[in-house]
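1. Coordinates for the following, if possible.
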Amino acid sequence: MKQITRGMSEEWIAAAARSQRLRTNYNIHESLSDPIQRLFIAAGRGSYFRPHLHPQKSEFALVLHGLFEVFTFDANGLVAARVCVGPAEETFALEIPADTFHTWIPLAEASVFFEVKKGPYDPATSMVLAPWAPEEGSPDTATFQAKLLTARAGDRIA
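-> Below you'll find the model as predicted:
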């Protein structure tokens with residue numbers, strides 16, 4: 001039996017704060033070839049999840065700690081939807097359909113979500129990055145996220 005403890009969650013949050021990307025993950029699945037990928041992702045405010053999609057794979061997520069703003073987009077960077085997700089919010093879990101561009105913006109210093117999606121995981125093909133969004137590490141990421149936080153469904157970001 002695998003147990004996931006509050007102490008482990010606190011360790012992930014601390015590791016995320018120390019990392020350059022301001023996030024870390026903890027895999028529950030045994031290997032990248034597992035047919036179901038299950039992992040916890042801890043992220044701090046300022047962590048940038050470049051908008052991306054997972055070809056032919058939906059993504060289910062449950063927010064356990066903190067707060068995220070989650071966006072979905074059409075292929076050209078038009079905001080399709082946005083939702084605030086957290087354990088104290090009306091929405092605490094969501095499923096993002098396959099082939100849907102999306103991003104997460106952590107709104108709390110310490111946020112954690114649990115993600116499930118179909119495997120296997122192949123880093124070369126697991127996601128398609130949005131060509132209209134800044135690359136990770138770009139100085140434009142903070143401006144991009146700030147613009148997103150003022151956007152509504154129907155607004156064009158790209």
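2. For the rest of this, base every contact and every neighbour count on C-alpha atoms.
-> Fine.
3. Could you report the pLDDT at I157?
-> Looking at I157, its pLDDT stands at 85.
4. Can you mark which positions in the longest helix seen in the chain are buried?
-> Longest helix of the chain, by residue count under DSSP state H: helix 6-18. Buried residues in helix 6-18, defined by neighbour count with 16 or more other CA atoms under 10 Å: 9, 12-17.
5. ok, now stretch 128-141?
-> Neighbour-count burial for stretch 128-141 flags 128-130, 133-135, 141 (criterion: 16+ other CA under 10 Å).
6. do stretch 33-47 as well
-> 36-47.
7. what bridges to the residue nearest the centre of the chain?
-> Centroid check for the chain by CA atoms, centre = their mean gives W104 as the closest residue, at 4.3 Å. On the basis of DSSP bridges, W104 is bridged to V70.
8. Could you list which residues are in contact with it?
-> W104 makes contact with 48-49, 68-71 under the criterion CA atoms under 8 Å, 6 or more residues apart in numbering.
9. tell me the pLDDT at it?
-> In this prediction W104 is given a pLDDT of 98.
10. what does I28 give?
-> Looking at I28, the pLDDT reads 96.
11. CSV for the buried residues of helix 6-18, including pLDDT and distance to T100?
-> As requested, the buried residues of helix 6-18 are exported to CSV (pLDDT from 0 to 100; distance: CA to CA, whole Å):
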residue, pLDDT, distance to T100
S9, 97, 28
W12, 97, 27
I13, 97, 27
A14, 97, 31
A15, 98, 29
A16, 98, 26
A17, 97, 28
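12. Return the closest of those with respect to T24.
-> T24 lies nearest to A16 out of the buried residues of helix 6-18, by CA to CA, at 5.0 Å.
13. Ignoring the adjacent residues along the chain, who's closest to the closest one?
-> Using CA to CA, 6 or more residues apart in numbering and skipping residues adjacent in sequence, the residue nearest A16 is R23, 3.9 Å away.
14. What is the neighbour count of that neighbour?
-> Other residues within reach of R23, judged by other CA atoms under 10 Å, total 25.
15. Check the gap between the closest residue in space to S111 that isn't next to it in sequence and F92 for me.
-> Once flanking residues are discounted, S111 sits nearest to G66: 4.0 Å by CA to CA, 6+ apart. G66 is 10 Å from F92, where distance means CA to CA, to the nearest Å.
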